[in-house]
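> Sequence first, then the predicted structure, then my questions.
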Amino acid sequence: MRRIINQHPARGSAILLAALPFILVLAAYLIGSQARLASNPTDKLLPAFSTIGASIQQYAFEPDQRSGKYLLWADTLASLARLGIGLAISAGLALVMGIATGILPYARALFAVFIATLSLIPPLAVLPILFIVFGLGELSKVVLIVIGVAPFLMRDLAMRVTEIPSEQIIKAQTLGASSWQLIVRVILPQILPRLLDALRLSLGAAWLFLIAAEAIASEDGLGYRIFLIRRY
């Protein structure tokens, strides 16, 4: 008798199994949508597929009557710009602080506890404070992404630096490498892949912070558009 761990589906079965979860989700959505629309035809929580198609046509392929923009693409570009700026700043700060706290004992003593404390604060809890301090413009949204992502990246990179074998550090110093050469030639090449992985894992959280900020105070962006359509 073959064990189940040694059984592999045929190509056709594998394709069917991969599509099955999507089919079940779509079926559940269709049933839920029809049930809600039957009791409330104006319900917007689970719109019908025809309504979704009409909305895509309106926002993606028809210019807005007031601004003349294609709203879906304009909002997407606005959100991506904020997300890109926030992640770029977070990556730069994490690279500097992660290396510093990982390799420099004085920097570790000075910043490690502060970064750990900052990483425990829910970013959305400080959103009202950011609006008060930085206003309702672009800066507060970017700062929210940085506060939500950068501490995680800093701690992750610092841990990766401490995992570098001490033999490599000692050998580089024995060969006369300065602290700067040690960072650039030994540490940096080993933590850059980790930084990319950490950024990839942080994308979901960064989007969540951005959508929340745009829904509360913005004049464009995907979060603003979702909130506007949901409300009106």
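It's in. Numbering: from 1, shown residues only.
> pretty sure V186 contacts A177?
Yes - with contact defined as CB atoms under 8 Å, V186 counts as touching A177 (7.4 Å). Just so you know, the C-beta spots here come from the backbone N, C-alpha and C atoms, and that holds for glycine as well.
> what is the mean pLDDT for stretch 208-219?
Across stretch 208-219, pLDDT averages out at 88.
> scratch that, stretch 39-48 is what I was asking about
pLDDT averaged over stretch 39-48 gives 84.
> Alpha carbons only: can I get it in CSV?
The C-alpha atoms that make up stretch 39-48 are tabulated as CSV, following Å, rounded to 0.1, in the frame of the first residue of the first chain:
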residue,chain,number,x,y,z
SER,A,39,-33.0,41.2,1.3
ASN,A,40,-31.5,44.6,0.4
PRO,A,41,-31.1,45.4,-3.4
THR,A,42,-28.9,48.4,-2.5
ASP,A,43,-26.4,46.5,-0.4
LYS,A,44,-22.8,47.3,-1.2
LEU,A,45,-21.0,44.9,1.1
LEU,A,46,-21.3,42.0,-1.4
PRO,A,47,-22.1,43.5,-4.8
ALA,A,48,-23.2,41.3,-7.7
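> list the buried ones in stretch 72-82?
L72, A74, D75, T76, A78, S79, R82 (16 or more other CB atoms under 10 Å).
> right, I mislabeled it, should have said stretch 178-197
Within stretch 178-197, the residues scored as buried using 16+ other CB under 10 Å are L182, I183, V186, I187, I191, R194, L195.
> so who does the fifth one touch?
Shown in contact with I191 (CB atoms under 8 Å, 6 or more residues apart in numbering): L95, G98, I99, L157, R160, V161.
> Also the first one?
Counting by CB under 8 Å, 6+ apart, L182 makes contact with I103, I169, A172, Q173.
> hmm, try it at 7 Å
Residues near L182 by CB atoms under 7 Å, 6 or more residues apart in numbering: I169, A172, Q173.
> The helix or strand harbouring the first one packs against which elements?
Under the assignment given by DSSP states H and E, the secondary-structure element containing I169 is helix 166-174. Packed against helix 166-174, as judged by 3 or more CB pairs under 7 Å, 6 or more residues apart in numbering; DSSP states H and E, are the following elements: helix 179-182.
> Quick check: next helix or strand after the helix it packs on?
helix 188-216.
> what angle separates that next one from helix 166-174?
110 degrees (axes from the mean of the first three to the mean of the last three CA atoms, to 10 degrees).
> Output the contacting helices and strands for the next helix or strand after helix 188-216.
Downstream of helix 188-216, the next assigned helix or strand under DSSP H and E is helix 222-231. Under the contact definition 3+ CB pairs under 7 Å, 6+ apart, helix 222-231 sits against helix 71-103, helix 188-216.
> Tell me how far the longest one lies from the chain's centre.
For helix 71-103, the separation from the chain centroid amounts to 9 Å (computed by CA atoms, centre = their mean, to the nearest Å).
> So for the very next helix or strand once past it, what gets flagged as buried?
Scanning forward in sequence from helix 71-103 by DSSP H and E, the next helix or strand is helix 105-119. Going by neighbour count (16+ other CB under 10 Å), the buried part of helix 105-119 is A107, R108, F111, A112, I115, L118, S119.
> Compute the distance between S166 and I226, please.
50 Å (CB to CB, to the nearest Å).
> Between the two, which has more neighbouring residues?
I226 (14 against 8; other CB atoms under 10 Å).
> W73 is in contact with P63, correct?
No - with contact defined as CB atoms under 7 Å, P63 and W73 do not form a contacting pair (10.5 Å).
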